[in-house]
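Peer 1: Sequence first, predicted coordinates after that:
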Amino acid sequence: MSIRRIAISTGGGDAPGLNAVIRSVVVASLNRGWEVVGIRDGYSGLLEPERYKTPLIKLDRESVRGITHLGGTILGTTNRGNPMRYPKLGPEGSLVEVDRCAEVVEGLKKKEIDALISIGGDGSMEIAARLFDLGVRVIGVPKTIDNDLDGTFVTFGFDSAVSFATECIDRLHSTAEAHQRVLVVEVMGRYAGWIALHAGLAGTADVILLPEIPYQTEAVAAKIRERNAHGRNFTIVVVAEGAHPSGAAASVIGQEVGRAERLGGAGNRLTKDLEQLCGQEARCVVLGHLLRGGGPNATDRLISLRFGAAAVRALDQGKSGVLVALDPPHVRYIPLSECTHRCKTVPIDCDTVQTCRDLGVYFGDEVLAAS
């Protein structure tokens, strides 16, 4: 089927590089003679068009000029509008989840959209796979700072988040040493510890706590006491938001209808425990959404531009129901069904973890030898 008009959707949490993908898709499509429109706020422009003056935005060269370096997304995004589990008031006034995917399909048909490029993380790819099953011609582009989407070597947004987290850890070294404090730095990542691992190693943290390696709080305290005994009276601990002690669950601060559970509190929980166990002043720094904000670095700009162009090439080649995946030095296409059923977590025997252990970085999972 020939293509005349395509749509772009950006969903889930924002990440540096979204605008670069949009620009790449638009320019590559216009060069093929296709029209391009952007759906507002994920799929809200189709499901709740009354909210917008322009629920679909016409994208031309002028609208995407100069946006490669910008953070956020010119289309807007949401993590509350999953059409597979859309929040709606039930008969008794409580919120319930309903499936509105068929309405998305119908909306695309009414707007004479021949294909969809969905830019997002695991939730967005799950939606894209569902729309594909319903007959939509769709290509997925992997986006998440967490780097937890299976099937691709890396997602855009990850490198920018790691670079900023590393800069923050660098800055915290001097204040931790000056005040002889334990500084706990909580970073995003949900149930995958990629940001914590890479930023912690690059920022020469003393302890890195990952969701993949449950830790013993007393063992972490013992590591801090050991450093103090050797005259290193400060400690930098990097903790992923999904990290948890052995035998305990990750810290969850909320669950709302129509969205994934919200993680948070891992850093504060650990800080209180360490202060009691070590008798040393400890502070928690939660980087949170700072990791999502700002423009993409050079690496993420390049990945984003490559992904956008590759998505358009996939449509031009007649592909559908696939994810654009980075397999250095190539970009490949894998079925959406293969990347939506499991989270890509850190292999605990990977080289980066082994490098940390060789350099004395502690993961809280081993009993320290007596010094």
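Peer 2: Yes, it's here.
Peer 1: Let's verify residue 199: helix, strand, or coil?
Peer 2: Following DSSP: H, G, I helix; E, B strand; the rest coil, residue 199 is assigned to helix.
Peer 1: Just list the residues touching the nearest residue to it once chain neighbours are set aside, thanks.
Peer 2: Counting by C-beta to C-beta, 6 or more residues apart in numbering, the nearest residue to residue 199 once its immediate chain neighbours are dropped is residue 165, at 3.6 Å. Where you see a C-beta, it was placed from the backbone N, CA and C, and this is true even at glycine. With contact set as C-beta atoms under 8 Å, 6 or more residues apart in numbering, residue 165 has these partners: 185, 187, 195, 199, 203, 287, 291.
Peer 1: Give me the buried stretch members for the helix or strand containing residue 165, please.
Peer 2: Assessed by DSSP states H and E, residue 165 sits inside helix 158-179. Within helix 158-179, the residues that qualify as buried are 158-166, 168-169, 172-173, 176, counting by 16 or more other C-beta atoms under 10 Å.
Peer 1: Domain map for this structure?
Peer 2: Domain segmentation of the chain under automatic domain parsing yields 5-156+296-338, 158-292+347-358.
Peer 1: Direction included, what does the helix or strand in which residue 334 is found pair up with?
Peer 2: Following DSSP H and E, one finds residue 334 within strand 330-335. Strand partners for strand 330-335, identified by DSSP bridges, are recorded as strand 322-327 (antiparallel).
Peer 1: And the strand it pairs with, what's buried?
Peer 2: 322-326.
Peer 1: next one: stretch 240-253
Peer 2: Across stretch 240-253, burial judged by 16+ other C-beta under 10 Å covers 240-245, 250-251.
Peer 1: Out of these, which two sit at the greatest distance?
Peer 2: Greatest spacing in those, by C-beta to C-beta: 241 and 245 (14.2 Å).
Peer 1: quick one, the helix or strand harbouring residue 185 and helix 158-179 angle?
Peer 2: Residue 185 belongs to strand 182-187 when elements are defined using DSSP H and E. Strand 182-187 and helix 158-179 meet at an angle of 170 degrees, taking axes from the mean of the first three to the mean of the last three C-alpha atoms, to 10 degrees as the criterion.
Peer 1: Make 15 the starting number, not 1.
Peer 2: That works, and once the first residue is 15, the last one we named lands at strand 196-201.
Peer 1: what packs against strand 196-201?
Peer 2: helix 172-193, helix 208-216, strand 249-254, helix 280-292, strand 296-300 (3 or more C-beta pairs under 8 Å, 6 or more residues apart in numbering; DSSP states H and E).
Peer 1: re earlier: and the strand holding residue 348, which residues are buried?
Peer 2: Quick answer for strand 344-349 (16+ other C-beta under 10 Å): 345, 347-348.
Peer 1: roughly how far out does it sit from the chain middle?
Peer 2: Here strand 344-349 is found 20 Å from its chain centre; the criterion is C-alpha atoms, centre = their mean, to the nearest Å.
Peer 1: Then stretch 304-317?
Peer 2: 12 Å.
Peer 1: ok, now stretch 352-362?
Peer 2: For stretch 352-362, the distance to the chain centre is 13 Å (C-alpha atoms, centre = their mean).
Peer 1: do stretch 246-266 as well
Peer 2: Using C-alpha atoms, centre = their mean, the offset of stretch 246-266 from its chain centre is 19 Å.
Peer 1: go on, stretch 30-38?
Peer 2: 15 Å.
Peer 1: which residues are in contact with that stretch?
Peer 2: Outside stretch 30-38, the residues that reach it (C-beta under 8 Å, 6+ apart) are 22, 24, 52, 73, 78, 81-89, 91, 133, 155, 157, 159, 170-171, 174-175, 306-311, 314-315, 317-323, 325-326.
Peer 1: Am I right that residue 71 is in a helix?
Peer 2: No: Residue 71 is assigned strand when assessed by three-state DSSP, not a helix.
Peer 1: you'd agree it is up against residue 55?
Peer 2: No: when contacts are counted by C-beta atoms under 8 Å, residue 71 is not listed as touching residue 55 (10.9 Å).
Peer 1: For those two, list the residues in contact with both.
Peer 2: Common neighbours of residue 71 and residue 55 (C-beta under 8 Å, 6+ apart) are residue 89.
Peer 1: Tabulate the buried residues of helix 172-193 (a markdown table), appending pLDDT and distance to residue 355.
Peer 2: Converted to a markdown table, the buried residues of helix 172-193 look like this (pLDDT from 0 to 100; distance: C-beta to C-beta, whole Å):
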| residue | pLDDT | distance to residue 355 |
| --- | --- | --- |
| 172 | 96 | 21 |
| 173 | 97 | 25 |
| 174 | 97 | 27 |
| 175 | 97 | 24 |
| 176 | 97 | 26 |
| 177 | 97 | 30 |
| 178 | 97 | 30 |
| 179 | 97 | 28 |
| 180 | 98 | 32 |
| 182 | 97 | 34 |
| 183 | 97 | 33 |
| 186 | 96 | 38 |
| 187 | 94 | 40 |
| 190 | 94 | 41 |
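Peer 1: Which single one of those is nearest to residue 119?
Peer 2: residue 172 (31.3 Å).
Peer 1: Which residues are in contact with that closest one?
Peer 2: 158-161, 208-209, 314.
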